[in-house]
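Visitor: Mind looking at a prediction? Sequence and model below.
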Amino acid sequence: MEKAVNEGPHHEVRDGVWSGSWVAERLGVELAGDDRLTDLLGLALRRNPKRAHLLVSNVLGKHVPQSPSVVHGHGVALGRRVRDLLGDDEARKAVVLGYAETATGLGHSVADGLGLAPCLHSTRRPVAGLAPAGGFEESHSHATSHLLLPEDPALLAGDGPLVLVDDEFSTGNTVLNTVRDLHARYPRRRYVVVALVDMRSAADAGRLEDFAREIGARVDLVAAASGTVRLPEGVLEKGQELVARYASESAAESPSAGAAPSWSLAQSSAPLEGVADTPLSGARGNARPAPSGPHPDDEGTAPYATRVDLQWPAGLPDGGRHGFTPAHRERLEAALPGMAARIADALPRGARRVHVLGFEELMYAPLRLAEALERTTDAEVRYSTTTRSPVLAVDDPGYAIRTRLAFPAHDDPADGPGERYAYNVAGAGFDAVVAVVDSAADTPALHAPDGLLARLAAHTPRVLLAVVPSYVPKTPPAPERPFMLPEPLRGPAFSSYAPEEVGWLLQDLSDVTLEAPTEEREEAIQSGGAHYAESLPVEYQPSEQYQALFHAALEDSAARIAQAVGVVTETVLAERSPRPVLVSLARAGTPVGILMRRWARYRHGLDLPHYAVSIVRGRGIDANALRWLAEHHDPRDVVFVDGWTGKGAITRELAQALTEFEKSDGITGFDPEIAVLADPGSCVRTYGTREDFLIPSACLNSTVSGLISRTVLRADLVGPHDFHGAKFYRELAATDVSVTFLDAVSARFPEVADAACAQAGELLAADRSPTWEGWAAVERISEEYGIHDVNLVKPGVGETTRVMLRRVPWKVLARAGAGSDLDHVRLLAEQRGVPVEEVADLPYTCVGLIHPQYTRGATGADGKAVTV
């Protein structure tokens, strides 16, 4: 394994002060290792109960404005080292893979230094009809899963070296997740990991070596510098106190900041634990007013920006999202001087300092434009990009994040709306800022009064907008399907439900052993070694006390559930179809689908078809089930049904999957709008209630869901012409309460019918647009509790119950004053030794937190979860 050495350009610290000294002096944090570490890295803080510090790169071009030639030069130097390591013959066979969002430009730059290899970067932007060639989770990120979407699948299918590029190599989890996923699909002999800094501990370094031996491949590491972070005793508590103090000072200065709840990081209009838009020290008063009127060439951007037509070469990809070859690089190099000249012509006369601002994953094109502009003009050119990452801003030359601009996302992201940031741009005295976005991000939100362009215009006399056409690869035609799909499974042969209640578009895997201990499953899932849908948890066997809680909860809530069933069913009948085909998402949605079918029969005499299908986070909905439905029903009549929403992950998963299915199969008409009983996350328009209360069917697993397991998707069990699988637990019939639950709720239909119909009428006339406030809350909680992975935060009573029954829980957050709706959660927490923490102003009744970075060592000898 090759370790980093000191080489490459040397850069002085900013203003003669190291941009980590503010944190170092107050917390005693030290960077130990290569002398160049303080040139490459600064320090910042964010509210985080597990780590007080944040490493901020000075040469990445993400958070800190830097000379574009310096940013590109660091990547090129690393790429040349990789070429020397591999030799030209192996370099020609190599593929460079950069990580979104921070290392997309670095990955490209490394490929430029290699000179002979194509470049690909991961993305969080799906493309309808383009099947992922791979994907992985980034455990520390507050964003969604990474996708690998090469236009040419052969790009990753070769056996040449794979060069994985990230800005910082710390634990190695992201790289391990990637290699594990890709090596299973496309095994190869050699991998090279490239990073600006290698900051692993000795234990993490050994883990990478062990993994290389495990898969039988060689893994080399190339980094510009290496070292470790030394943390004194008590640094976490000191950091938390420091952040809390600056947050309170910021709140006192900003009225909107005071509206943020005590557990959150920020609200959309408030600074994040620091002073938004504060000028850099020594630059106060340098912010300039926005232009007073439109520019003659401005088209739709006035008064905030002037549009520059780059004349981007036709058909040239905007970056490596779908692959960027050496031939693409040659076309770009030829076009750069002309595009830079067009930007230079639009700059104000006498401009001395110009900033080129890229956009999240779009780092390489803006970087190369900035570098060409640096050669074209006498102005000092700096480059950085916008980001999803929230960081504390402190106006001090010894702190890496001096100022922060916040604005709404403007590219209609697949994981929903959210706040985005530009750091160290406000108040820096730039005479012009050139915002470079792709056409997918050139939306009304970009040009809105609270959008990025308006925020920039408040801090510079001239804002230019350069739009790079978003490259969308052609998708393959729909394949022929000569196979016949089986008919749905029905009870009593499969499930304890009556045959007319539901048809299961699944295959029966009852004879296959799929169960694994909860701790083993959690370790495999979080390490990247397995997907949660490849195994099943051992079925929870409730105690007598817990069963008594279920029956008490059912008695208390049956009428409330019945009314919600009536409201959502009446809404579906009025808005979606007079004779809908109910398709529940197995298995939590299936009891709700049956209840909706029963309501339609009770209230309207309708006998609605109802089927259950599988959907898997990160893998999509069962396409064969969709094909069966399209062959037997009009897709326009299909209404997908689920039990409740948490943060809305399945809602997004379904929408993305249906778009891809429409492109791949050419079948249209399926509506991605899910109908749910409860929508506490505000993720859908069709719901029975938005209250977060106990739905007793969430208390149990198969024994309240027709004795059916959760669904399974594993390559050795589910072939290309098969439905996803599930098990029928016949042996649990003695404790089955599936029909008991349905009958108890259905019995309340007469007493709630009038109220349900009236409430449905009110909702039909109201604005029910999703606000996605649940997702925003989950992102805040993920950061607040130092989890940095939204997949480990499970909001709402139903999702928290699932955590307690199926996963390794860390702790439960309960809204202060929550009553009997949480009795069963408190009992489960007591049984598993999990702390319940009361939190004021929690937007859900409760939130379950899965143990972060779980290994079996995270449980005690008694098998209970530890308190961290």
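Guide: Right, received. Where do you want to start?
Visitor: Strands along the stretch 1-150 of the chain, start to end?
Guide: 30-33, 41-45, 53-57, 95-98, 119-121, 134-136, 146-148 (DSSP state E, counting those that start in this stretch).
Visitor: Could you tell me which other helices and strands the last one packs against?
Guide: Counting contacts by 3 or more Cβ pairs under 8 Å, 6 or more residues apart in numbering; DSSP states H and E, strand 146-148 is packed against strand 134-136. Placement of C-beta: from N, CA and C, glycine included.
Visitor: in the stretch 651-800 of the chain, which spans are helices?
Guide: Counting by DSSP state H, counting those that start in this stretch, residue ranges of the helices within the stretch 651-800 of the chain are 738-746, 749-764, 773-784, 797-806.
Visitor: Could you identify which of the strands of the stretch 1-150 of the chain is most buried?
Guide: strand 119-121 (a mean of 30; mean count of other Cβ atoms under 10 Å).
Visitor: what mean pLDDT does that strand have?
Guide: For strand 119-121, mean pLDDT rounds to 95.
Visitor: Need the contact partners of that strand.
Guide: Residues outside strand 119-121 that contact it (Cβ atoms under 8 Å, 6 or more residues apart in numbering): 95-100, 103-104, 107-108, 110-111, 148, 150, 155-156, 319-324, 361.
Visitor: cool, stretch 407-419 as well?
Guide: Stretch 407-419 is contacted from outside by 124-126, 143-144, 266, 268, 359-360, 388, 390, 406, 420-422, 437-438, 440-441, 443, 445-446, 448, 450-452, 454-455, 648, 652, 656, 772, 775-776, 779, using Cβ under 8 Å, 6+ apart.
Visitor: re earlier: mean pLDDT lowest for which of the helices of the stretch 651-800 of the chain?
Guide: Among those, helix 797-806 scores lowest, with a mean of 77.
Visitor: Show me what that one is packed against.
Guide: If you count contacts as 3+ Cβ pairs under 8 Å, 6+ apart, helix 797-806 packs onto strand 638-644, strand 793-795, strand 809-815, helix 823-832, strand 846-850.
Visitor: can you list those in a markdown table and add distance to Ala766, mean neighbour count and mean pLDDT?
Guide: A markdown table is the format used below for the helices and strands packed on helix 797-806 (distance: least, Cβ to Cβ, whole Å; neighbours: other Cβ atoms under 10 Å; pLDDT from 0 to 100):
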| stretch | distance to Ala766 | mean neighbour count | mean pLDDT |
| --- | --- | --- | --- |
| strand 638-644 | 20 | 26 | 91 |
| strand 793-795 | 24 | 27 | 85 |
| strand 809-815 | 25 | 22 | 88 |
| helix 823-832 | 31 | 19 | 84 |
| strand 846-850 | 27 | 27 | 88 |
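Visitor: Save these as a markdown table, and put in distance to Val243 too.
Guide: Formatted as a markdown table, the helices and strands packed on helix 797-806 follow (distance: least, Cβ to Cβ, whole Å):
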| stretch | distance to Val243 |
| --- | --- |
| strand 638-644 | 34 |
| strand 793-795 | 20 |
| strand 809-815 | 20 |
| helix 823-832 | 29 |
| strand 846-850 | 20 |
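Visitor: what about the strands of the stretch 1-150 of the chain, which gets the closest to Arg382?
Guide: Across the strands of the stretch 1-150 of the chain, Arg382 has its closest neighbour in strand 53-57 (14.5 Å, Cβ to Cβ).
Visitor: can you give me how far the closest one is from the chain middle?
Guide: 21 Å (Cα atoms, centre = their mean, to the nearest Å).
Visitor: neighbouring strands for it, and are they parallel or not?
Guide: strand 41-45 (antiparallel) (DSSP bridges).
Visitor: and for the partner strand, what are the contacting residues?
Guide: Contact partners of strand 41-45, identified using Cβ under 8 Å, 6+ apart, comprise 14, 18-20, 22-24, 29, 31, 52-58, 64, 197, 239, 242-243, 273, 391-392, 394, 399-401.
Visitor: Gly160 reaches Tyr191, doesn't it?
Guide: No: using Cβ atoms under 8 Å, Gly160 makes no contact with Tyr191, being 10.7 Å away.
Visitor: So for the two, which residue has more residues nearby?
Guide: Tyr191 (24 against 17; other Cβ atoms under 10 Å).
Visitor: pretty sure that one contacts Val219?
Guide: Yes: using Cβ under 8 Å as the test, Tyr191 is close enough to Val219 to be in contact (4.8 Å).
Visitor: Name the residues contacting each of these two.
Guide: Joint contacts of Tyr191 and Val219 (Cβ under 8 Å, 6+ apart) are Val179, Ala212.
Visitor: Now do the buried residues in the helix or strand containing Val381.
Guide: Using DSSP states H and E, Val381 maps to strand 380-385. Buried residues in strand 380-385, counted by 16 or more other Cβ atoms under 10 Å: Val381, Arg382, Tyr383, Ser384, Thr385.
Visitor: Show the pLDDT at the fourth one.
Guide: Turning to Ser384, the model gives it a pLDDT of 97.
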